[in-house]
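1. coordinates only, sequence not included:
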């Protein structure tokens, strides 16, 4: 297992998460790719998207079934500018690469929003720190382990 995935697995255990990080046979850089390999609805994939919110990282765990409405989110959280972060900003904020950013395991806590569209899914799949890894969780558990704020982000 990749060292980032091992680190995320350790963090998850420390947080009391019972779902284990698992390797996928192929990279899963998109929700559709992950859903195809897992045999689940694309809406049950928690995309980990890092945004630049007035110079600070913002992690949005959004359902793979839709896109983030950046104008709506910016207004809700009170930032002037909210844009997708570039790969260098993502790595500096998370120590993980785009396509494999986990909800936890970052160098320091990141403000997090958890898409309420994930709530209806009994099992939600999130990235495990590397493009080849995922772990099963739930909406409630994502809110708990990230200290995130539930929000309709679409």
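-> Perfect, I can see it now. Remember, predicted model here, so these are calculated numbers, not experimental data.
2. Please give me every residue in contact with the spatially closest residue to residue 125 that is not a sequence neighbour.
-> Ranked by C-beta to C-beta, 6 or more residues apart in numbering and with sequence neighbours excluded, the top spatial neighbour of residue 125 is residue 134, at 4.9 Å. Every C-beta, even on glycine, is put in place using the N, C-alpha and C of the backbone. Taking C-beta atoms under 8 Å, 6 or more residues apart in numbering as the criterion, residue 134 is in contact with 21, 22, 24, 28, 34, 38, 125, 126, 127, 128.
3. for these, which one is nearest residue 111?
-> Closest approach between those and residue 111, by C-beta to C-beta: residue 126, at 17.1 Å.
4. Report the rounded mean pLDDT for the helix or strand hosting that closest one.
-> If you go by DSSP states H and E, residue 126 is part of strand 124-127. The pLDDT scores in strand 124-127 average 97.
5. Tell me which residues are up against it.
-> Strand 124-127 is contacted by residues 28, 34-35, 38, 40, 44-46, 48, 61, 96, 99-103, 118, 133-139, 142 when judged by C-beta under 8 Å, 6+ apart.
6. Centre of the chain to the lengthiest helix in the chain, how far?
-> For the chain, the helix with the greatest residue count under DSSP state H is helix 3-14. Distance of helix 3-14 from the chain centroid (C-alpha atoms, centre = their mean, to the nearest Å) equals 14 Å.
7. Buried residues in that helix, which are they?
-> Using 16 or more other C-beta atoms under 10 Å as the test for burial, helix 3-14 gives 4, 5, 6, 7, 8, 9, 11, 12.
8. Now do residue 60 against residue 103, distance only.
-> Separation of residue 60 from residue 103 (C-beta to C-beta, to the nearest Å): 10 Å.
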